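Enquirer: One predicted model, sequence on top.
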Amino acid sequence: MRHIISLLLENESGALSRAANLFSARGYNIEALSVAPTNDDSVSRMTLVTSGTDDVIEQITKQLNKLVDVIRLVDLTESSHIEREMMLLKVKLPDSNAAAHLAQLTKIFRGTIIDASGSTYTVEVTGNGKKLDAFLDNMSANEIVEVVRSGPLGIGRGERALHI
Amino acid sequence: MQLSGGDILVQCLKAEGVELVFGYPGGSVLHIYDAFFKQQDENLRHILVRHEQGATHAADGYARATGKPGVVLVTSGPGATNAVTGIATAHMDSIPLVVITGQVPSPVIGSDAFQEVDATGITRPCCKHNFLVKRPEDIALTIKKAFYLATTGRPGPVVIDITKDATDPKVLVEFEYPKTIELRSYKPPEAGHSGQIQKALDLLVNAKRPMVYTGGGVILGNGSEELTKLVRNLGYPITSTLMGLGAYPGSDRQFLGMLGMHGTYESNMAMHECDALLAIGARFDDRVTGTIPEFCPYAKIVHIDIDPSSISKNVRVDVPIVGNVKSVLTEMLKLLPKTSKKIDKKSLDNWWQQIEEWRKVDCLRYDRNSDKIKPQYVIETLQGLLTDEAYITSDVGQHQMWAAQYYKFNKPNHWINSGGLGTMGFGMPAALGVKLAKPEDEVICITGEASIQMCIQELSTATQYRLPIKVVNLNNGYMGMVRQWQEFFYEGRYAMSYFDALPDFVKLAEAYGHIGMRIEKSADVEGALKEALAHKDRLVFMDFMTDPAANVYPMIMAGKGHNEMHLAPADRELA
């Protein structure tokens, strides 16, 4: 099963690689990983998406918790949570019809066209992974020049919070 | 007080009560060595090894014998990479080490400078934690953290990589050693959950065929005394992993011997048939469990461990207890008399009767009347000449298994070997570390002609510091365990397991300034051991020419369960 795990890490050199290394060293799946500092400079927040049986996920969370740099950890999948992923998509379109279609599609997906240079357009779309997949399904493969996805970010619903 | 980084480092080691540093100098640590030279006194000695691997193993041996952290100091590049095997060895067996590696000056990091290697990157997966220090101001706090991390919770090696400019004698900074340390991201567990402990006791007391299985965690957690009391109060049979030997007295009737791949018949059968298992400070390693689906098929399992990630990692357990072994066992001892249900004496008697039947199989029998030197006989004879105070180190292979099977360890911290990583070359440098810590006690390294050659250069360290350890070399001309597997699983094709050339170990020992002895007849074994032990102030290297056909039995083959052991066949010649 797919799990999305959030961690608060000491913002120190080696912390990111320590967490990421664990996955290759112990043979766990890692589908996406994103990390950035938080409002507290000394803390980074990492979000990672992995999959495995319940036993494997239990080991992943225990092994991550064991890392000296990991301050706190939550498996968001265990309860109600929100996920968001951002995608930047660059397309090259043959004519103005295709451009109009892109504008319409972007509106439907509540995205934004953030750059247009000649026949090349860059679109920003945010949502859960499936929504981004659906957007891509609407584009023809020979139009797509570049796809950048941030990997999912997650946060618990309501009062559940991951903080120090 | 204003001090240089190098002086601060030495001051910190003194503040931590470090007595011995095992190391080898080089470019990146010259400032530190100079500080050492100036500040050296009888409370803080530096031991110069001959290879950085030897430094880590010697510090490791010191740590295993004393329970105190071992300290290592090596230079950058090859100094650090040579130390890696020893760091990984300590990591697998959860041994507290603080390993200081020099690093090239911070401005040239990343430029592929002379003797530059990414030491923190290389050691990251094989140590408990590591640090890169680039400023003298950060040295004291980092060392405080390192000792704290190495020795608390599940212990392990901590590596500190220090750039050369951070120890520059011309750069002085304010120094004060922190008295206490707290890390928000690291809170080692202490007491176990009382409810879980009571649940565990209820389960154990209700059992008809109970079994206790303990590992190195009991020794590391200093829980030997409590374990012995608890097991005696319960009257239950107990077995141990390779790493746990000595935590419970090996000569006691309740002790069934080691379990696992080369465990005793009675231990493995009792594991297979038990209906309740108390696992303490053990990690259900593959050499212990055999094939997982066949592991303890009838048992409810209680597992006490300080590391939550050890629990239900390989085998799902029924009652997990996360906590310090000593504290959990103390609470168990307190709660046991108050537990409402009492142990069913009749079932326990029946269980013991069954165990005694298994014992009668006499799975460790061998031909004691052989003219050839049986390695088992050397070990049994050796124990007869020593007290329980003697420390035994070993290398890795057949001799290690024979030592574990035939030597009855009655005290914790006295059996010192590389269990998890299985590092050949560990035994002799480890013995040197032990001898430095315990100069009054006998220290014996049981080894083989293959393992000993992997760190043989440390015989020179033994000369320099006059360390009169005794080396028992069980020389069968083969990498014995490799040969045994080739005999069993490769139809006797002995690929690269035979040494066509071996040194004359007697002359080699003499060349290093020691006494060498060669023993070729079984009848001479006892006399030779006595003679060697009589040399109180000399290192004696005993080269025993042992039966090359000897195999380690019992043996559980890969993919088999505890009840499917192979026992020793009748004596035979090696084809």
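Expert: Ah, there it is. Every value quoted in this text rests on a predicted model; they were computed, and no experiment measured them.
Enquirer: Can you spell out which helices and strands pack onto whichever strand or helix holds B:L278?
Expert: B:L278 is part of strand B:276-280 when elements are defined by DSSP states H and E. Judged by 3 or more C-beta pairs under 8 Å, 6 or more residues apart in numbering or on different chains; DSSP states H and E, the packing partners of strand B:276-280 are helix B:194-205, strand B:210-214, strand B:300-305. Just so you know, the C-beta spots here come from the backbone N, C-alpha and C atoms, and that holds for glycine as well.
Enquirer: ok, now which ones touch whichever residue of chain A sits closest to chain B?
Expert: Here the residue of chain A nearest chain B is A:K62; by C-beta to the nearest C-beta that distance is 3.8 Å. Taking C-beta atoms under 8 Å, 6 or more residues apart in numbering or on different chains, we find A:K62 in contact with B:P308, B:S309, B:K313.
Enquirer: Swap in 10 Å and give it another go.
Expert: A:L73, B:D307, B:P308, B:S309, B:S310, B:I311, B:S312, B:K313 (C-beta atoms under 10 Å, 6 or more residues apart in numbering or on different chains).
Enquirer: most surrounded residue in those residues?
Expert: Highest neighbour count within the contacts of A:K62, by other C-beta atoms under 10 Å in any protein chain shown: B:S310, with 23 neighbours.
Enquirer: Not counting its neighbours along the chain, what's nearest the residue of the stretch 201-350 of chain B found nearest chain A?
Expert: Scanning the stretch 201-350 of chain B for proximity to chain A using C-beta to the nearest C-beta identifies B:S309 as nearest, at 3.8 Å. If the residues on either side of it in the chain are set aside, B:S309 comes closest to A:K62, at 3.8 Å by C-beta to C-beta, 6 or more residues apart in numbering or on different chains.
Enquirer: B:D344 too?
Expert: Nearest residue to B:D344, sequence neighbours excluded (C-beta to C-beta, 6+ apart): B:K208, at 6.5 Å.
Enquirer: Could you list every helix and strand in contact with the helix or strand bottoming out on mean pLDDT in chain A?
Expert: Of all the helices and strands that make up chain A, the one with the lowest confidence by mean pLDDT, DSSP states H and E is helix A:15-25; it has a mean of 93. If you count contacts as 3 or more C-beta pairs under 10 Å, 6 or more residues apart in numbering or on different chains; DSSP states H and E, helix A:15-25 packs onto strand A:2-10, strand A:32-37, strand A:43-51, helix A:54-66, strand A:70-75, helix B:119-123.
Enquirer: can you pull the pLDDT of residue 46?
Expert: Just so you know, I chose chain A. pLDDT, the model's per-residue confidence, is 97 for A:M46.
Enquirer: that's the wrong chain, I wanted chain B
Expert: Confidence at B:H46, expressed as pLDDT, is 96.
Enquirer: Would you check how far apart it and B:A80 are?
Expert: Taking C-beta to C-beta, to the nearest Å as the measure, B:H46 and B:A80 are separated by 18 Å.
Enquirer: more neighbours, those two?
Expert: Neighbour comparison, B:H46 and B:A80: the larger count goes to B:A80, with 28 against 17 (by other C-beta under 10 Å).
Enquirer: for that one, helix, strand, or coil?
Expert: Secondary structure, DSSP: H, G, I helix; E, B strand; the rest coil: B:A80 is helix.
Enquirer: Chain A contacts on the stretch 1-150 of chain B?
Expert: Applying C-beta under 10 Å from any C-beta of the partner chain, we find that the stretch 1-150 of chain B lies next to chain A at B:120-121, B:124-126, B:128-132, B:134, B:145, B:149.
Enquirer: Adding secondary structure and distance to A:A99, write those out as TSV.
Expert: Shown next, in TSV, are these (DSSP: H, G, I helix; E, B strand; the rest coil; distance: C-beta to C-beta, whole Å):
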residue	secondary structure	distance to A:A99
B:T120	helix	51
B:G121	helix	48
B:R124	helix	49
B:P125	helix	51
B:C126	helix	56
B:K128	coil	57
B:H129	strand	55
B:N130	strand	54
B:F131	strand	55
B:L132	strand	51
B:K134	coil	53
B:K145	helix	58
B:L149	helix	59
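Enquirer: Please check those and keep the buried ones.
Expert: Neighbour counting by 16 or more other C-beta atoms under 10 Å in any protein chain shown classes B:T120, B:R124, B:C126, B:K128, B:H129, B:N130, B:F131, B:L132, B:K134, B:K145, B:L149 among the residues of the stretch 1-150 of chain B next to chain A as buried.
Enquirer: Farthest pair within the residues you listed?
Expert: B:C126 and B:K134 (22.5 Å; C-beta to C-beta).
Enquirer: Give me the distance between the two termini of stretch B:114-130.
Expert: The first and final residues of stretch B:114-130 sit 22 Å from each other (C-alpha to C-alpha, to the nearest Å).
Enquirer: Let me fix that, I meant to ask about stretch B:506-519.
Expert: From the first residue to the last, stretch B:506-519 extends over 10 Å; the measure is C-alpha to C-alpha.
Enquirer: Tell me the one of the residues of the stretch 1-150 of chain B next to chain A nearest B:G216?
Expert: Within those, distances to B:G216 taken as C-beta to C-beta reach their minimum at B:K128, with 15.1 Å.
Enquirer: Now do the contacts for the closest one.
Expert: Per C-beta under 10 Å, 6+ apart, neighbours of B:K128: A:66-68, B:87, B:90-91, B:94-97, B:146, B:149-150, B:153-159.
Enquirer: picking that back up, point out the most buried one among the helices and strands packed on strand B:276-280.
Expert: The highest mean neighbour count among the helices and strands packed on strand B:276-280, using mean count of other C-beta atoms under 10 Å in any protein chain shown, belongs to strand B:210-214: a mean of 27.
Enquirer: Now the helix or strand just after that one: average pLDDT?
Expert: Taking DSSP H and E as the definition, the helix or strand that follows strand B:210-214 towards the C-terminus is helix B:216-220. Average pLDDT, helix B:216-220: 98.
Enquirer: Would you agree B:A58 is in contact with B:P429?
Expert: Yes. In this structure B:A58 lies within contact range of B:P429 using C-beta atoms under 10 Å: 4.4 Å.
Enquirer: what residues are shared contacts of those two?
Expert: Joint contacts of B:A58 and B:P429 (C-beta under 10 Å, 6+ apart) are B:F22, B:V49, B:G86, B:C455, B:E458, B:T461.
Enquirer: any idea what sits nearest B:Q457, other than its immediate chain neighbours?
Expert: Once flanking residues are discounted, B:Q457 sits nearest to B:R50: 3.9 Å by C-beta to C-beta, 6+ apart.
Enquirer: a strand runs through that neighbour, doesn't it?
Expert: No. With three-state DSSP as the criterion, B:R50 is located in coil rather than a strand.
Enquirer: give the contact list for it.
Expert: Residues in contact with B:R50, defined by C-beta under 10 Å, 6+ apart, are B:Y24, B:P429, B:C455, B:I456, B:Q457, B:E458, B:L459, B:S460, B:T461, B:A462, B:Q464.
Enquirer: Which of those sits closest to B:P439?
Expert: Of all the contacts of B:R50, the one sitting nearest B:P439 is B:A462; the distance, using C-beta to C-beta, is 12.8 Å.
Enquirer: Now do the contacts for B:R287.
Expert: B:R287 is in contact with B:T241, B:L242, B:L259, B:G260, B:M261, B:H262, B:G263, B:G419, B:G420, B:G422, B:I556, counting by C-beta under 10 Å, 6+ apart.
Enquirer: number of nearby residues for residue 140?
Expert: Unless you meant another one, I'm taking chain A. 11.
Enquirer: that's the wrong chain, I meant chain B
Expert: Using other C-beta under 10 Å, B:A140 has 22 other residues around it.
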